[in-house]
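Engineer: please work out how this folds:
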Amino acid sequence: MPNSTVGRWSAISKGKRSFAEEITHAVTIGARWGRTKHQRDIVLDDIPGWLAPLWGSDDHFLYIRRPEGIWKAEIPRDFEDQTPILLSQNRVDSAGSRVVGSLFLGNEIFSKNGWHQGMPKNKGINAFDLDELARPSIQAVKVDVDAIGQDLWEVLPFEDGGLLVKAGDDFCSEPHFSMNGNWLIAKDKVTGWRIAYPVERETRVHHALLAGRLWLQYRSPWLRKLNVKVLLPSVTGV
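Structural biologist: Numbering: from 1, shown residues only. Model (predicted):
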């Protein structure tokens, strides 16, 4: 089995921890609790990270989790209702302040133990299992990385003479690229976390990659668009 050890979601807990264990380390943040006739809105204060957050709750707090940390915001007692709940956050950066995200949490928010991705399902999932589900061994793939990325098939409009392909939200800054067989490996320059994208030969993506014309776009409701040119060591000479 490949020796992949970097767990993106479980790194801060250094292994497998339950929801109850993890929320004891939650840092208190503020949030704006809004309500209209047809829905309720939760806008969190600015928090680190860019991946869609996991969430859970007890009778008093909404808990939020990302690979960068765990936070909690006190739920107003009068927030209970039966209208849809949307979770967002305030993002403050060089471009100013704006609201990003919009994750549907269902219609109820109190006492949803466990970590959930969107609407609550069963008892939720722990961060360690999220990392395990992304590993190559789960998909019977033999490549030494920490996770398997999405297929690179959705080509986007681009005017810079290259081929721009949608790549999800794996990175918020330019990773380091390399090749391993038919896999394009992207590595986080800070954490060392590695993800592999399948790149089949004799496709326009493969040809653009070899010609130094391939670009990947990282984007989500939580992440501002980032276009990254894929430069391989053999192409750049580094």
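Engineer: now the residue nearest the centre of the chain: which helix or strand?
Structural biologist: Central residue of the chain (Cα atoms, centre = their mean): Leu51, 2.9 Å from the mean position. Using DSSP states H and E, Leu51 sits in no helix or strand.
Engineer: hmm, it is touching Trp222, no?
Structural biologist: Yes: the pair Leu51 and Trp222 passes the contact test of Cβ atoms under 8 Å, sitting 6.7 Å apart. Glycine gets a C-beta too; all of them are placed from N, C-alpha and C.
Engineer: overlap of the contact sets of the two?
Structural biologist: Listed as contacting both Leu51 and Trp222 by Cβ atoms under 8 Å, 6 or more residues apart in numbering are Asp169.
Engineer: look up how far Ile125 lies from the residue nearest to the centre of the chain.
Structural biologist: Remark: distance between Leu51 and Ile125 (Cβ to Cβ, to the nearest Å) = 14 Å.
Engineer: chain center to the longest strand along the chain: distance?
Structural biologist: In the chain, ranked by residue count with DSSP state E as the criterion, the top strand is strand 96-106. The chain centre lies 14 Å from the centre of strand 96-106; the measure is Cα atoms, centre = their mean, to the nearest Å.
Engineer: quick one: list the elements packing against that strand.
Structural biologist: Where contact means 3 or more Cβ pairs under 8 Å, 6 or more residues apart in numbering; DSSP states H and E, strand 96-106 is packed against strand 85-93.
Engineer: great, nothing more from me.
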